[in-house]
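Asks: pasting the sequence and the predicted model now:
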Amino acid sequence: MATDEAGQADSGRGQHGWGKSTFEDIYDQPDPRAYFTRLRPLRYQTPHHAQPVFRRLLDQRARLNAPGNSVKVVDLCCSYGINAALVNHNLTLEDLYARYTGPKTAGLSTPELIEADKEFYAVHRREQAVPFIGIDVAPRAVAYASAVGLLDGAFAENLETGPASAKLARAVAAAGLITITGGVGYIGPRTFDTVLSHTRSPAWVAAFTLRMVDYRPIADTLAARGLVTHTSPETYPQRRFTDDAEQQRAIARATATGHDPTGREANGYYHTLLHQSRPTTATGSRDRQP
């Protein structure tokens, strides 16, 4: 469960049967420097595309809350808290790449980096910051995100193999938005259903997934919870291929799943789709999607 779809388990924790390169060694380090160092040359960018989408959805979802009650986010496959960093702070993904691959942090020990990052994120925190709960199977990654103040609750739990802990169930009860920018394929309907089973009111869901991944089983699970899913026709670049062989496998996979790789995988990048799910209205019609 890693934040990037470079680390989507169809994506990164092993080859997932269709030849996507593995980045296993960067997903559970004590801090995110190796992660950003490995992914920067590949121009990994899904959190960049997600940042304005998630902020817009939070603004819309907040209108359903009582005045002054912010929307709580549950970020699945949260890794080092990158989505929380971008949503809640006046920072860009490029700012994070520069910080964690640059000379200012290169010589720091992990404890020193944690202390520096506490100040760094505090200085850049937005007034509109919202509570973030992070879930990932990588304990050191979520521990880092919690230690530097990116997560209000950090849970190293695998909801594909077991139930949520009592503490996690309490933490997600007030969730208004569930997000994921990588990991679908490693996690599936069971994780989404478990989280939603503990929310007091239907949470919205926003998921970026590689476009050759079948999202229908998750959409069906969300439908059973009263959520209708809309998939944007637009695609978003995810990262560059590691080599020609990976690109050829991706083109073959895209073609086999009914997608035209022209201008997308054929141009050297994986591409993602955005799936948004919201409750149906009282009359049974679908809420308007942004």
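Replies: The structure has been received and is ready for your questions. Numbers count the residues shown, from 1 in each chain.
Asks: could you say which helix or strand holds the nearest residue to Arg264 once chain neighbours are set aside?
Replies: Closest residue in space to Arg264, ignoring its immediate chain neighbours: His271 at 4.5 Å, by CB to CB, 6 or more residues apart in numbering. Where C-beta positions appear, they are placed from N, C-alpha and C, glycine not excepted. Using DSSP states H and E, His271 maps to strand 269-279.
Asks: distance from the chain centre to that strand, please.
Replies: Distance of strand 269-279 from its chain centroid, counting by CA atoms, centre = their mean, to the nearest Å, is 11 Å.
Asks: equivalent analysis for stretch 113-123, please.
Replies: Counting by CA atoms, centre = their mean, stretch 113-123 comes out at 22 Å from the chain centroid.
Asks: kindly report the same for stretch 47-58.
Replies: On CA atoms, centre = their mean, the centre of stretch 47-58 falls 11 Å from the chain's centre.
Asks: so Thr179 touches Cys77, yeah?
Replies: No: with contacts counted by CB atoms under 8 Å, Thr179 stays clear of Cys77, the gap being 9.5 Å.
Asks: neighbour-wise, which of the two wins?
Replies: Neighbour comparison, Thr179 and Cys77: the larger count goes to Cys77, with 29 against 25 (by other CB atoms under 10 Å).
Asks: quick check: that one vs Arg55, distance?
Replies: For Cys77, the distance to Arg55 (CB to CB, to the nearest Å) stands at 19 Å.
Asks: thinking again about what came up before, neighbouring strands - and their directions - for the strand holding His271?
Replies: Applying DSSP bridges, strand 269-279 is found paired with strand 204-210 (antiparallel), strand 227-240 (antiparallel).
Asks: as a whole number, average confidence for it?
Replies: Mean pLDDT, computed over strand 269-279, is 97.
Asks: may I see the buried residues of it?
Replies: 269-279 (16 or more other CB atoms under 10 Å).
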